[in-house]
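**Student:** heads up, no residue letters with this:
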């Protein structure tokens with residue numbers, strides 16, 4: 001039932017989109033339908049899983065649409081029948097064509113997890129950490145046909161802590177994105193927003209991550225390896241090869257000091273850390289995981305495995 005607000009169709013799929021959807025549901029506007037990706041098979045058992053957004057919808061009882069492709073004419077026809085005032089898109093997973101973006105009366109708004117025009121694309125959070133940024137944030141923008149190229153509405157920034165991972169930043173930005181979305185819609189309704197075009201000369205990109213991106217190159221500086229470990233937590237995970245087995249490096253820290261010129265070589269094994277030489281500086285592994293086993297601290301790991309000085313990680 002309408003509460004005098006705008007009629008909104010929400011597009012979203014992963015957990016990052018959930019705070020934004022819940023915020024809209026509790027706000028003054030009416031969520032008239034939710035669009036999310038189709039259920040997918042996952043894991044070794046190939047079980048069917050629903051998206052986190054769908055789980056919220058099933059609890060709330062909204063009309064749910066799960067098109068395989070958004071270009072389907074029947075899907076676009078259904079959107080038009082809803083007579084929406086606004087589309088809200090948060091990490092949906094498909095690029096929306098002009099024919100969809102123009103359906104709602106007031107256009108389409110996107111919530112993106114970076115300070116645009118920096119880190120346009122699918123993986124802005126890990127790339128911000130990987131590149132050593134001190135700040136990141138969320139942006140709301142009016143959508144156009146490009147990838148995260150629309151005019152900026154509002155932005156909020158946060159500091160990236162020295163020990164933060166993609167997982168912790170994800171949680172913070174998901175919550176912040178939900179808050180910024182509500183502020184954006186409120187100001188749009190009041191006519192208090194003036195979209196600002198992005199400066200393409202300042203744009204950078206955050207392409208999707210692949211599992212092989214997680215392989216550690218020990219010839220890099222310890223600081224770079226530290227950023228890789230934090231950026232790729234929880235996925236795809238930073239890893240190295242040890243005795244022909246995949247060893248995931250879950251957590252560590254930098255130790256300033258002179259490298260011995262043998263990147264990937266274990267120079268010391270302590271009770272709670274494994275010290276590895278790098279291209280510059282030393283990296284102390286404090287949590288790790290053998291493929292197929294649970295994650296554990298070094299003390300527990302060494303109680304069942306031996307990694308003596310001189311071991312070479314590849």
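**Tutor:** Thanks, I have the structure now. All values derive from a computational prediction rather than experimental measurement.
**Student:** Only C-alpha atoms from now on, for both contacts and neighbour counts.
**Tutor:** Noted.
**Student:** what are the phi and psi angles of residue 253?
**Tutor:** When quoted as degrees, to the nearest 10, the phi and psi of residue 253 stand at phi -160, psi 160.
**Student:** OK, contacts around it?
**Tutor:** Counting by C-alpha atoms under 8 Å, 6 or more residues apart in numbering, residue 253 makes contact with 226, 283, 284, 285, 286.
**Student:** right, and out of the residues you listed, which lies closest to residue 65?
**Tutor:** Distance to residue 65 across those (C-alpha to C-alpha) is lowest for residue 226, with 41.1 Å.
**Student:** what about residue 302, how many neighbours?
**Tutor:** 18 (other C-alpha atoms under 10 Å).
**Student:** cool, the one 10 residues further on as well?
**Tutor:** Residue 312 sits with 19 neighbouring residues when counted by other C-alpha under 10 Å.
**Student:** So for it, what's the nearest residue that isn't a sequence neighbour?
**Tutor:** residue 265 (4.5 Å; C-alpha to C-alpha, 6 or more residues apart in numbering).
**Student:** pretty sure the one you found contacts residue 279?
**Tutor:** No. Judged on C-alpha atoms under 8 Å, residue 265 makes no contact with residue 279 at a distance of 10.8 Å.
**Student:** residues in contact with the residue nearest to residue 312?
**Tutor:** When contacts are counted by C-alpha under 8 Å, 6+ apart, residue 265 touches 276, 277, 278, 309, 310, 311, 312, 313.
**Student:** now those as a markdown table including pLDDT and distance to residue 61?
**Tutor:** Below are the contacts of residue 265 laid out as a markdown table (pLDDT from 0 to 100; distance: C-alpha to C-alpha, whole Å):
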| residue | pLDDT | distance to residue 61 |
| --- | --- | --- |
| 276 | 97 | 53 |
| 277 | 96 | 55 |
| 278 | 96 | 54 |
| 309 | 95 | 59 |
| 310 | 95 | 60 |
| 311 | 96 | 56 |
| 312 | 96 | 55 |
| 313 | 97 | 52 |
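**Student:** Let's have those in TSV, adding secondary structure and distance to residue 200.
**Tutor:** Output for those, formatted as TSV (DSSP: H, G, I helix; E, B strand; the rest coil; distance: C-alpha to C-alpha, whole Å):
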residue	secondary structure	distance to residue 200
276	strand	41
277	strand	40
278	coil	36
309	coil	50
310	coil	49
311	coil	47
312	strand	44
313	coil	41
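**Student:** Would you mind checking which helix or strand in this structure has the lowest mean pLDDT?
**Tutor:** Between all helices and strands in the chain, the lowest mean by mean pLDDT, DSSP states H and E belongs to strand 40-42, at a mean of 83.
**Student:** packing partners for it?
**Tutor:** strand 47-49 (3 or more C-alpha pairs under 8 Å, 6 or more residues apart in numbering; DSSP states H and E).
**Student:** State the distance from residue 127 to residue 29.
**Tutor:** Using C-alpha to C-alpha, to the nearest Å, residue 127 is found at 34 Å from residue 29.
**Student:** Give me the more crowded residue out of these two.
**Tutor:** For residue 127 and residue 29, the more surrounded residue by other C-alpha under 10 Å is residue 127, and the numbers stand at 23 against 20.
**Student:** The more buried one: which element?
**Tutor:** Using DSSP states H and E, residue 127 sits in helix 124-130.
**Student:** so after that helix, what's the next helix or strand?
**Tutor:** On the C-terminal side of helix 124-130, the closest following helix or strand by DSSP H and E is strand 135-142.
**Student:** for the stretch 51-200 of the chain, which spans come out with low pLDDT?
**Tutor:** Within the stretch 51-200 of the chain, no range satisfies pLDDT under 70.
**Student:** Which stretches in it count as helices?
**Tutor:** Using DSSP state H, counting those that start in this stretch, the helices of the stretch 51-200 of the chain run over residues 52-60, 73-81, 98-101, 124-130, 166-190.
**Student:** now do the stretch 201-314 of the chain
**Tutor:** So, for the stretch 201-314 of the chain - with DSSP H, counting those that start in this stretch - the helices run 222-231, 298-302.
**Student:** Of the ones you listed, which is nearest residue 189?
**Tutor:** helix 222-231 (37.2 Å).
**Student:** pLDDT of that closest one, averaged?
**Tutor:** For helix 222-231, mean pLDDT rounds to 98.
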